[in-house]
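**Q** below are the sequence and a predicted model for it; my questions follow.
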Amino acid sequence: MKSCPFCHIGFMEEQEIILKNENCMFLQVPQEVLIGSGLIVPIVHRENLFDLTEDEWNSTFSLLQEVKTLLDERYNPDGYNVGWNSQPAGGQHIMHAHLHVIPRFKDEPFAGKGIRYWIKDTKNKRV
C-alpha cells in the first residue's frame with residue numbers, strides 16, 4: 001500500500017523500528033503522554049488482526065515478550081494496556097494491523113482505568 005505508514009517506514013516522521021523478528025516489528029514514535037508506548041506491526045500488510053497468519057500471531061506473541069522485557073528495563077512500569085483495534089467502529093484508523101503496547105504507571109491521573117473503562121461508559125450506550 002503506497003500510503004501505509006507501516007509498509008513504508010519513514011512515512012511517519014520520527015517513527016523508529018525498536019525491535020524486529022521474521023514476521024513483525026515494534027515501532028515507536030516519541031510520546032509526551034504515553035511514555036514508552038509503541039506498536040507491534042506485521043511486516044506484510046494485513047488489514048486487521050483477523051487477517052494474520054498463524055506464524056504472524058506466534059511472532060507477535062514472541063515479540064511482545066521481548067518488548068515487555070525492554071520496556072520493563074527502560075521504564076519500570078506498574079502495568080500495561082495491550083490491545084488491538086479492528087475496523088473503524090473498533091477504533092482502527094490505520095488499516096494495517098497493529099497491536100498497541102502501552103506501559104502504565106500508578107501516578108497517572110487515569111491509573112487503574114483499563115481499556116474497558118471508556119467502552120463501558122454510559123455515554124457509549126447504543127441508541
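**A** Cool, the structure landed. Here the structure is a predicted model, which means the values were calculated and not measured.
**Q** the closest residue to N85 other than its chain neighbours - how many residues pack around it?
**A** Closest residue in space to N85, ignoring its immediate chain neighbours: G91 at 3.7 Å, by CB to CB, 6 or more residues apart in numbering. (Glycine included, C-beta is placed from N, CA and C.) Neighbourhood size, G91 [other CB atoms under 10 Å]: 14.
**Q** contact partners for the most centrally placed residue in the chain?
**A** In the chain, the residue lying closest to the centroid (CA atoms, centre = their mean) is H100, at 1.5 Å. Shown in contact with H100 (CB atoms under 8 Å, 6 or more residues apart in numbering): 37, 39, 81-85.
**Q** picking up where we left off before, distance check, the residue nearest to N85 against Y80.
**A** From G91 across to Y80, the span is 18 Å (CB to CB, to the nearest Å).
**Q** do L27 as well
**A** For L27 relative to Y80 (CB to CB), the value is 17 Å.
**Q** over to E32?
**A** E32 is 19 Å from Y80, where distance means CB to CB.
**Q** ok, those two, which is more surrounded?
**A** Per other CB under 10 Å, whichever of E32 and Y80 has more neighbours is Y80, with 19 against 5.
**Q** what pLDDT does the residue in the chain sticking out farthest from the centre get?
**A** Most distant residue from the mean C-alpha position of the chain: V127, 30.1 Å away (CA atoms, centre = their mean). V127 carries a pLDDT value of 81.
**Q** host element of the residue nearest to the centre of the chain?
**A** Using DSSP states H and E, H100 sits in strand 99-104.
**Q** repeat that for R116.
**A** Assigned by DSSP H and E, R116 falls in helix 115-119.
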